[in-house]
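Visitor: need coordinates for the following:
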Amino acid sequence: MNKILILFICVLSCFIYTAESLTLAQLTAQINGKVISQSSPDFNNARFGYNYRYNRVPQIIVQPYDTASVVLALEYAQTNNLLVSVKSGGHSAIAEGVQDLRVVIDVSQMKQISYDPVSNIITTQSGNKWVEVYNYTINTHKVATPGGSCPSVSVGGLTLGGGANDLSTVHGLATDNVVELEVVLANRSVVIANAQSNPDLFWALRGGGHGGFGIVTLFKFKAHPVLPTYYSAWITYAWADFEDVLTYVNKFSETMPNTVNLYFTAWRSSNATNPSVALSCFFNGPSELGESHCGSFRNFSGIETNTFITPTSYSVSNISYYDTVRTGTDPKARSSYTSGSFLTTINKKVVNRIKTQLERSPLTPYTFNTARLNLYWQGGQMLNQTRDFNAYVHRTYPWNAVWLVSYAGGEFEEPYRKWIKQTYRKFDSFSEGVYQNYPDENNLDNWAEAYYMENYPKLQVVKAAYDPTNYFRFAQSIGSPSS
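Guide: As a prediction, the model looks like this:
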């Protein structure tokens with residue numbers, strides 16, 4: 001009799017669970033958005049980001065248009081015993097937003113945006129690309145907030161990990177300008193996080209938002225006035241002058257005002273005999289004053305060669321900041337590896353080591369195969385906060401060094417993988433921390449320490465409070481306080 005009763009209870013409980021589960025047909029009928037199945041012609045485009053080294057196949061992709069539909073997608077996943085991953089613009093270097101056999105909640109179609117001139121607040125859903133944000137805020141209202149510099153990078157992914165562009169040296173990181181977020185939690189409740197409501201979650205999401213606390217559906221940013229045009233120079237130099245150029249760039253950065261932003265890059269494509277080197281100098285002030293600052297790079301005394309260094313080209317633009325982002329460069333849709341760290345110094349040994357590693361980069365017959373170093377200046381106002389102001393901890397060293405390789409052709413995978421791993425290791429003693437918007441699953445021994453450092457224990461406490469069952473989990477999600 002007891003066995004019969006137990007069997008009856010089991011069958012009944014299974015029936016109740018099935019009855020309460022949201023079916024795919026119900027999800028498709030009720031959602032304000034799109035449901036993309038594996039058989040859909042849109043499936044491949046929706047599941048790939050820019051890094052084609054990842055070829056993950058999710059169970060289904062849901063593109064909601066509003067927060068209620070995000071909740072519905074989450075209900076479908078949970079009532080069918082499925083996990084989710086969250087995708088915005090697809091710019092993750094490790095394709096974190098698309099995981100095998102999960103429900104991908106792709107917020108890229110959530111594009112509502114508004115500006116309130118009274119409160120001076122920009123409100124945007126997570127799916128807007130930064131070029132779309134600036135098209136609205138700059139071209140219509142003559143305001144902006146720090147964000148992304150690539151046209152296709154989206155609000156959600158960039159802001160939650162930090163976010164920096166030319167406006168950041170004056171106004172801080174994108175995440176520092178967030179005043180409120182709307183978040184869907186694992187229990188399917190929708191909460192507001194700001195300085196008054198859920199302040200611990202508000203702290204964690206600004207810089208630690210990739211850690212699996214919930215699905216952020218809406219951001220509110222402080223707005224700042226922008227000028228009609230800005231001065232920007234793109235400057236190239238001969239490879240023989242590399243050491244003098246980088247040494248001078250670093251020296252210049254030590255005393256330049258916050259209104260100047262620098263981006264230094266060196267790369268080798270195909271089988272070029274020598275790598276190439278270039279510098280971007282942006283002035284966040286009246287265009288006519290840009291030359292008085294960036295013009296220093298037209299000629300300067302070389303420290304290493306004791307000769308005057310002049311560029312091979314010096315191209316100036318005076319355009320709106322919307323056009324600066326609109327005409328920016330997106331990562332190419334190829335296979336890639338990315339590894340980065342903040343340099344604690346750029347001394348003679350570091351400069352020489354950078355030069356040597358670039359000269360040792362793999363040679364290939366194809367012009368679209370590239371090994372590169374990007375040095376992003378993340379100083380100025382970005383460093384004028386304490387390391388625990390929010391979860392973004394990297395407030396000490398201004399040069400963010402990002403090594404990357406981009407290639408097509410499986411035969412080049414191993415040479416490029418080995419090169420970037422060896423190169424990254426050669427700077428261990430000159431580095432601290434890793435910018436979490438360039439996640440790395442290949443070369444980091446301890447990603448939690450690298451991304452979050454002393455802020456990680458607090459992030460673990462917040463994670464346990466808002467996702468106690470650890471539903472939002474993946475390889476680099478925040479662990480429990482006991483882990």
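
Visitor: what helix or strand is Lys34 located in?
Guide: strand 33-36 (DSSP states H and E).

Visitor: now do that strand: which elements does it pack against?
Guide: For strand 33-36, the packing partners by 3 or more Cβ pairs under 8 Å, 6 or more residues apart in numbering; DSSP states H and E come out as helix 24-30, strand 60-64. (Each C-beta comes from the backbone N, C-alpha and C, glycine too.)

Visitor: tell me which of those lies nearest to Pro41.
Guide: Taking Cβ to Cβ, strand 60-64 is the member of the helices and strands packed on strand 33-36 nearest to Pro41, at 12.6 Å.

Visitor: just the CA trace of the closest one, in CSV.
Guide: Presented in CSV, the C-alpha positions along strand 60-64 are these (Å, rounded to 0.1, in the frame of the first residue of the first chain):
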residue,chain,number,x,y,z
ILE,A,60,17.0,28.4,-27.8
ILE,A,61,17.6,32.1,-28.1
VAL,A,62,15.0,34.6,-26.8
GLN,A,63,15.1,38.3,-27.8
PRO,A,64,12.7,40.1,-25.5
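
Visitor: what about the residue lying closest to Tyr397 once chain neighbours are set aside, helix or strand, and which?
Guide: Closest residue to Tyr397 in three dimensions, ignoring its sequence neighbours and counting by Cβ to Cβ, 6 or more residues apart in numbering: Phe342, at 4.3 Å. Using DSSP H and E, Phe342 sits within strand 335-343.

Visitor: that strand: what's the following helix or strand?
Guide: Heading C-terminal from strand 335-343 (DSSP H and E), you reach helix 348-359.

Visitor: ok, residues contacting that next one?
Guide: Under the criterion Cβ atoms under 8 Å, 6 or more residues apart in numbering, residues 242-243, 246-247, 266-268, 274-275, 343, 371, 373, 419, 422-423, 426-427, 430 lie in contact with helix 348-359.

Visitor: so for the following helix or strand past the strand holding Lys34, what's the average pLDDT?
Guide: Using DSSP H and E, the helix or strand that directly follows strand 33-36 along the chain is helix 43-47. Per-residue pLDDT values across helix 43-47 average out to 96.

Visitor: so what's Val249 closest to, chain neighbours aside?
Guide: Using Cβ to Cβ, 6+ apart, the closest residue to Val249 is Phe264 (5.5 Å).

Visitor: rewinding a little: just put the helices and strands packed on strand 33-36 in TSV and tack on mean neighbour count.
Guide: Putting those into TSV (neighbours: other Cβ atoms under 10 Å) gives the following:
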stretch	mean neighbour count
helix 24-30	14
strand 60-64	25
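
Visitor: in TSV: those, plus mean pLDDT and distance to Pro398.
Guide: As requested, those are exported to TSV (pLDDT from 0 to 100; distance: least, Cβ to Cβ, whole Å):
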stretch	mean pLDDT	distance to Pro398
helix 24-30	98	47
strand 60-64	98	38
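
Visitor: what segments of the stretch 301-450 of the chain are helices?
Guide: Secondary structure of the stretch 301-450 of the chain by DSSP state H, counting those that start in this stretch: the helices cover 321-326, 348-359, 413-425, 447-452.

Visitor: and the ones you listed as JSON lines, adding distance to Pro117, mean pLDDT and mean neighbour count?
Guide: What follows is the helices of the stretch 301-450 of the chain, written out as JSON lines (distance: least, Cβ to Cβ, whole Å; pLDDT from 0 to 100; neighbours: other Cβ atoms under 10 Å):
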{"stretch": "helix 321-326", "distance to Pro117": "18", "mean pLDDT": "98", "mean neighbour count": "20"}
{"stretch": "helix 348-359", "distance to Pro117": "46", "mean pLDDT": "98", "mean neighbour count": "17"}
{"stretch": "helix 413-425", "distance to Pro117": "46", "mean pLDDT": "97", "mean neighbour count": "17"}
{"stretch": "helix 447-452", "distance to Pro117": "36", "mean pLDDT": "98", "mean neighbour count": "21"}
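
Visitor: picking that back up, isn't the residue nearest to Val249 up against Leu279?
Guide: Yes - Phe264 is within contact range of Leu279, at 5.3 Å (criterion: Cβ atoms under 8 Å).

Visitor: quick one: common contacting residues for the two?
Guide: Common neighbours of Phe264 and Leu279 (criterion: Cβ under 8 Å, 6+ apart): Val249.

Visitor: chain center to the strand holding Lys34, what's the gap?
Guide: 25 Å (Cα atoms, centre = their mean, to the nearest Å).

Visitor: out of the contacts of helix 348-359, list just those in strands.
Guide: By the criterion of DSSP state E, membership of the contacts of helix 348-359 in strands covers Ala266, Trp267, Arg268, Leu343, Ala371, Leu373.

Visitor: ranking by neighbours, what's the top pick from these?
Guide: Using other Cβ atoms under 10 Å as the neighbour test, these are led by Ala371, with 27 neighbours.

Visitor: got a pLDDT number for the closest residue to that one other than its chain neighbours?
Guide: Distances taken as Cβ to Cβ, 6+ apart place Ser361 nearest to Ala371, at 3.6 Å, with adjacent residues excluded. Per-residue confidence (pLDDT) for Ser361: 98.

Visitor: please apply the same query to Ile303.
Guide: 82.

Visitor: ok, it - contacts?
Guide: Asp244, Thr247, Tyr248, Lys251.

Visitor: try Trp267
Guide: Trp267 touches Pro275, Ser276, Leu358, Thr370, Ala371, Arg372, Leu373, counting by Cβ under 8 Å, 6+ apart.

Visitor: next one: Ala333 from Ile31, what distance?
Guide: Ala333 is 28 Å from Ile31, where distance means Cβ to Cβ, to the nearest Å.

Visitor: more neighbours, the two?
Guide: Ile31 (20 against 14).

Visitor: quick check: chain neighbours aside, which residue is closest to the more buried one?
Guide: Ser69 (4.8 Å).

Visitor: surely that neighbour and Asn32 touch.
Guide: Yes - with contacts counted by Cβ under 8 Å, Ser69 reaches Asn32, the gap being 4.7 Å.

Visitor: between these two, who's got more neighbours?
Guide: Ser69 (23 against 12).

Visitor: ok but the more buried one is inside a strand, no?
Guide: No - under DSSP: H, G, I helix; E, B strand; the rest coil, Ser69 sits outside any strand and is assigned helix.

Visitor: tell me the contacts of it?
Guide: Ser69 sits in contact with Ile31, Asn32, Gly33, Val62, where contact means Cβ under 8 Å, 6+ apart.

Visitor: quick one: it from Arg56, how far?
Guide: In terms of Cβ to Cβ, Ser69 sits 23 Å off from Arg56.

Visitor: next one: Leu459
Guide: Using Cβ to Cβ, which is the criterion applied here, Leu459 is 26 Å from Arg56.

Visitor: and those two? Which one has more around it.
Guide: In terms of neighbours (other Cβ under 10 Å), Leu459 is the more surrounded of Leu459 and Arg56; the figures are 24 against 16.

Visitor: surely the more buried one is in contact with Ile478?
Guide: Yes - counting by Cβ under 8 Å, Leu459 touches Ile478, with 5.0 Å between them.

Visitor: I'm done for today, thanks for sticking with me.
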